[in-house]
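Engineer: sequence? don't have it. structure:
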């Protein structure tokens, strides 16, 4: 597994690099935001450990740049910023986890393993087609009969979670984990709001989103809709 750590504290950066190297990870490192962003865009990493307060380019700007390019590299924010708002902003802008300083190396290692395990689900096909809808797992796009439906990141994550589980009920907790990771929570009302938005966008393209709400259980793409 290849990881990138972007951290301006040389002592902390070296400590994490040595520790992860000893555990068998291949680690690249950067001490400033500009260098780190360039490395993240030019190379393929399984996971990125990202400080927020960096010289040259801020960590949040790095995160937004990666997600704007549709790069799905797992990102753990490692920051001294410990306010709830900071954590929410980081997660909503595309981070998969958020760990505040000071931290234990054992906890960092556990969070890395948890994220990498979630990323091991592989698909034989890069796209799923259901009732005229196509979910492309490689380009992270969603369309109906060739018409692109522009989704936000969270909307796409919810649709991806449900399409991958087609024919099975997925409860709100599983959807929340797929979108926000283990650290934060996506409420049922928020999930329903996102799905309502996707349904509206689908109808504008002439499609009827094949996702049903099984009250008290969760959401499902019913088998009658499967191709």
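Structural biologist: Right, received. Where do you want to start? Nothing here was measured: the structure is a model prediction, and the numbers come from that model.
Engineer: alpha carbons only for contacts and neighbour counts from here, please
Structural biologist: Noted.
Engineer: who touches the longest helix belonging to the chain?
Structural biologist: When the chain is scanned for its longest helix (criterion: DSSP state H), the result is helix 188-204. By CA atoms under 8 Å, 6 or more residues apart in numbering, the residues outside helix 188-204 that reach it are 144, 149-151, 154-155, 158, 172, 176, 208-209.
Engineer: now render those as a markdown table, adding distance to residue 219 and pLDDT.
Structural biologist: Converted to a markdown table, the contacts of helix 188-204 look like this (distance: CA to CA, whole Å; pLDDT from 0 to 100):
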| residue | distance to residue 219 | pLDDT |
| --- | --- | --- |
| 144 | 20 | 95 |
| 149 | 20 | 96 |
| 150 | 21 | 95 |
| 151 | 19 | 94 |
| 154 | 16 | 90 |
| 155 | 14 | 93 |
| 158 | 10 | 92 |
| 172 | 8 | 90 |
| 176 | 12 | 87 |
| 208 | 15 | 93 |
| 209 | 12 | 92 |
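Engineer: now those residues as a markdown table including secondary structure and distance to residue 56?
Structural biologist: Converted to a markdown table, those look like this (DSSP: H, G, I helix; E, B strand; the rest coil; distance: CA to CA, whole Å):
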| residue | secondary structure | distance to residue 56 |
| --- | --- | --- |
| 144 | strand | 41 |
| 149 | coil | 35 |
| 150 | coil | 32 |
| 151 | coil | 31 |
| 154 | helix | 29 |
| 155 | helix | 32 |
| 158 | helix | 34 |
| 172 | helix | 40 |
| 176 | helix | 34 |
| 208 | coil | 46 |
| 209 | coil | 44 |
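Engineer: from these, list the buried ones, please.
Structural biologist: Neighbour counting by 16 or more other CA atoms under 10 Å classes 144, 149, 151, 154-155, 158, 172, 176, 208-209 among the contacts of helix 188-204 as buried.
Engineer: and which of those residues is nearest to residue 117?
Structural biologist: residue 176 (16.7 Å; CA to CA).
Engineer: does the closest one touch residue 161 like I think?
Structural biologist: No: counting by CA atoms under 8 Å, residue 176 sits too far from residue 161 to count as a contact (9.7 Å).
Engineer: any chance of the contacts of helix 188-204 in a markdown table, plus distance to residue 104?
Structural biologist: Shown next, in a markdown table, are the contacts of helix 188-204 (distance: CA to CA, whole Å):
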| residue | distance to residue 104 |
| --- | --- |
| 144 | 46 |
| 149 | 42 |
| 150 | 40 |
| 151 | 37 |
| 154 | 30 |
| 155 | 33 |
| 158 | 32 |
| 172 | 30 |
| 176 | 26 |
| 208 | 48 |
| 209 | 44 |
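Engineer: from one end of stretch 14-31 to the other, what's the distance?
Structural biologist: Start-to-end span of stretch 14-31 (CA to CA, to the nearest Å) is 10 Å.
Engineer: would you check how far apart the spatially most central residue of the chain and residue 157 are?
Structural biologist: Central residue of the chain (CA atoms, centre = their mean): residue 96, 5.2 Å from the mean position. Going from residue 96 to residue 157 by CA to CA gives 12 Å.
Engineer: before we move on, the earlier item: adding distance to residue 76, write the buried ones among the contacts of helix 188-204 out as a markdown table.
Structural biologist: Shown next, in a markdown table, are the buried ones among the contacts of helix 188-204 (distance: CA to CA, whole Å):
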| residue | distance to residue 76 |
| --- | --- |
| 144 | 33 |
| 149 | 29 |
| 151 | 23 |
| 154 | 17 |
| 155 | 21 |
| 158 | 20 |
| 172 | 23 |
| 176 | 17 |
| 208 | 36 |
| 209 | 33 |
